[in-house]
Structures are given as structure tokens and as C-alpha cells.
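Engineer: quick one, what's the 3D model for this:
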Amino acid sequence: MTRYDFLVETYRTERLKTLSVWAQVPDDRMRERAEHRARTPLEHMVHQCLSEDGWMRTMLGIDIGRDALPADEARDAFIAHYGACSADRLVTLEGLPEIWFEAETQFFEERRSRAWVLTRRCLHSAHHRGQLNAAIRAWGRPLYSTYGPTADTGGLPKNGARTIYRGDTADPAGAHGGVPALPGTGQSPVTERPDADGR
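Structural biologist: Numbering: from 1, shown residues only. Alright, predicted model coming up:
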């Protein structure tokens, strides 16, 4: 074990969360904008793949020898491609010593430790994943958990809401029938400050 195992574990779980959110995008919404200034889901997936490939190769020195983008720009192709690329990066990260994480690298115009850059990479991915979650919700679609319960998994933890991921760690996209049912909002408020109608 090293002091940076937590960071490798963070990357491991963050990649699964990204795959899970992508799997919740309907195929027929891939080129649709939730708002005219927003990225489409396709643009989010392209950005995630290009950005992570660039950061990993140029800032962290992790070149997995794969193309940054899938040959087919369909949702399932992005899920498969990013899943494979991020799995390869994870294997590399798991084998690196503490000194690698502590060494400085170039982060745009600044010098930062690789641990700092990897942390920022995870946060960058989470930021875009949140935008995609907002689009999915704006389209009236249900949402599985990313970090904790959602309105569709029962609302607030204090009311017994559960964290329900779309797929397990071996099948984050639910491609093999592993997609659990969502219980819905239930009778309790789904936020700490509900509207007059109790929602």
C-alpha cells in the first residue's frame, strides 16, 4: 500500500460513475442540447475522451497506446471505448510508486505535483458529468445515483432513500441486464427545502 492508494481508488470509482451517467443518455438525445449554450451528450463524450487522453499523456506521462476517440461516435461505442481506455490507465496508476505521485509536472502554465493533477482530472470529469446529469433531468428522465440518493432512488437519506447505481462495477452501463429498478420519489420530500406541494 502507498499513501496515494486513495487517489487511485478515486480514479477507479470516478471512471465507473462517468460510464454510468453516459449509459443513462437516451440514444435519440445524443445530439440534443438541453439549452442552446450547453454541450450535447455527444460533445460531452468527445470532450471527456480527448481531454482525459491529453491530460494523461502530456501531464502525467500515461500513454496507453489507444486512439483518443472511438471509430464510431455512437453512445455504446463511447462507453466501450472510454471503459477500455480508463481501465488501461487504472492498471498503470495501480503500479506507480509514491515518488511518481509526488514528482512535479507541467500543468498548463504552472508546475504541480502529479497527485494534484490527477485530483484535478477527477474533478474535471465530475464537473462535466454533473452537466450531463442536469441535461438528463431537464429531459424529464430518471437519474440513478452518482454519489448518493437521487429523487428517483427515494430522495433524502434521512427518509430511507438508497444509493442505487445503474450497473455494478463489472457492468457499469448495464449492458448485460444488470440495470436495477428505481423505486421513485416515494411519499417524503426529496429535498431539504420542498416546494408547497411537498416536493
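Engineer: any idea how this protein splits into domains?
Structural biologist: Annotated domains of the chain cover 5-138, 142-199 [automatic domain parsing].
Engineer: and these, which one is worst for confidence?
Structural biologist: Per-stretch mean pLDDT for the domains of the chain is lowest at domain 142-199 (a mean of 82).
Engineer: residues near the residue nearest to Pro183 when sequence neighbours are not counted, how many?
Structural biologist: In space, and not counting its chain neighbours, Pro183 is closest to Gly154: 5.6 Å by CB to CB, 6 or more residues apart in numbering. Quick note: C-beta positions are derived from backbone N, CA and C, even for glycine. Gly154 has 22 neighbours, counted by other CB atoms under 10 Å.
Engineer: report the buried residues of the helix ranked longest in the chain.
Structural biologist: For the chain, the longest helix by residue count, based on DSSP state H, is helix 114-138. By 16 or more other CB atoms under 10 Å, the buried positions in helix 114-138 come out as 114-118, 121-122, 125, 128-129, 132-133, 135-136.
Engineer: ok, now stretch 96-109?
Structural biologist: Quick answer for stretch 96-109 (16+ other CB under 10 Å): 96, 100-101, 105, 107.
Engineer: which outside residues touch stretch 42-57?
Structural biologist: 18, 22, 30-31, 39, 62-64, 68-70, 73, 75, 78, 81-82, 85-86, 89, 117, 121, 124-125, 128, 131-132 (CB atoms under 8 Å, 6 or more residues apart in numbering).
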